[in-house]
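Undergrad: how would this look folded up:
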Amino acid sequence: METVGNILGDKGGQVFKVGPDTTVLHAVQEMCAMRVGAVLVCDGTTCSGIFTERDLMARVILNGLDPTTTRVTEVMTPQVACVEPSTPASEAMAIMTERRCRHLPVVEGGEIVGVVSIGDLVRWDSRNQAFELRMLTDYIHGKYPG
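TA: Just a heads-up that it's a prediction; the model follows:
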């Protein structure tokens, strides 16, 4: 069974963060430069939320807020679902589906060790399906050992 920790092992545990006083514009510039859809909002090692593309659209753009003066803490998502490295990938995908979120911080021993996105989990699922399809095809063609 594939776990979130296995996915992080392939992807890497880089965590993208901004400070609570960061402006929305600066956070978006960072997200674009890093090619990610979300950043954690942290003051040192304490994270208070996550700022996502969805927050930008629903809380900044639609409300006509100025991204050059609005702080990410004013428009971030404060309640963030987290998982542990031992969490099965399928469970992480179910959490994202149920909570309608696209990013899950991975926490071990009270410390954030990475973030998995829905894209990471879809790649995992696709790779598993391709492997299963290859095995079934080999079995049908008599290449299956046994």
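Undergrad: what's near enough to touch residue 84?
TA: 4-5, 106-108 (CB atoms under 8 Å, 6 or more residues apart in numbering). For the C-beta atoms, the positions are set from N, CA and C on the backbone; glycine is no exception.
Undergrad: Grab the two from the residues you listed that are most spread out in space.
TA: 5 and 107 (11.4 Å; CB to CB).
Undergrad: Over to stretch 51-59 now: how far is its first residue from its last?
TA: 10 Å (CA to CA, to the nearest Å).
Undergrad: which of the residues in that stretch are buried?
TA: Counting neighbours by 16 or more other CB atoms under 10 Å, one finds that the buried residues in stretch 51-59 are 51-52, 54-56, 59.
Undergrad: what do you get for stretch 74-86?
TA: When neighbours are counted by 16+ other CB under 10 Å, the buried residues of stretch 74-86 are found to be 75-77, 80, 83, 85.
Undergrad: Pick the one among these closest to residue 41.
TA: For these, the minimum distance to residue 41 (CB to CB) is 5.0 Å, reached by residue 76.
Undergrad: so that closest one makes contact with residue 55?
TA: Yes - counting by CB atoms under 8 Å, a contact exists between residue 76 and residue 55, whose distance comes to 6.0 Å.
Undergrad: Assign a three-state SS to residue 59, would you?
TA: For residue 59, the assignment made with DSSP: H, G, I helix; E, B strand; the rest coil gives helix.
Undergrad: How about it, nearest residue that isn't a chain neighbour?
TA: Spatially, and ignoring its direct neighbours in sequence, residue 59 is nearest to residue 75 (4.0 Å; CB to CB, 6 or more residues apart in numbering).
Undergrad: and residue 121, that one's in a helix?
TA: Yes - assessed by three-state DSSP, residue 121 belongs to a helix.
Undergrad: measure it to residue 45 for me?
TA: Computed as CB to CB, to the nearest Å, the residue 121 to residue 45 distance reads 26 Å.
Undergrad: same deal with residue 84?
TA: Looking at residue 84 against residue 45, where the rule is CB to CB, the gap reads 17 Å.
Undergrad: Give me the below-cutoff pLDDT ranges for the protein.
TA: Low-confidence segments of the chain (pLDDT under 70): 1, 125-141, 144-146.
Undergrad: Dump whatever helix or strand residue 8 lives in to PDB, restricted to CA.
TA: Taking DSSP states H and E as the definition, one finds residue 8 inside helix 4-11. Coordinates of the C-alpha atoms in helix 4-11 are reproduced here as PDB (Å, rounded to 0.1, in the frame of the first residue of the first chain):
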ATOM      1  CA  VAL A   4       1.900   9.800   1.600                       C
ATOM      2  CA  GLY A   5       5.400   9.300   2.800                       C
ATOM      3  CA  ASN A   6       6.300   7.200  -0.300                       C
ATOM      4  CA  ILE A   7       4.900  10.000  -2.500                       C
ATOM      5  CA  LEU A   8       6.900  12.600  -0.700                       C
ATOM      6  CA  GLY A   9      10.000  10.400  -1.100                       C
ATOM      7  CA  ASP A  10       9.500  10.600  -4.900                       C
ATOM      8  CA  LYS A  11       8.500  14.200  -5.000                       C
END
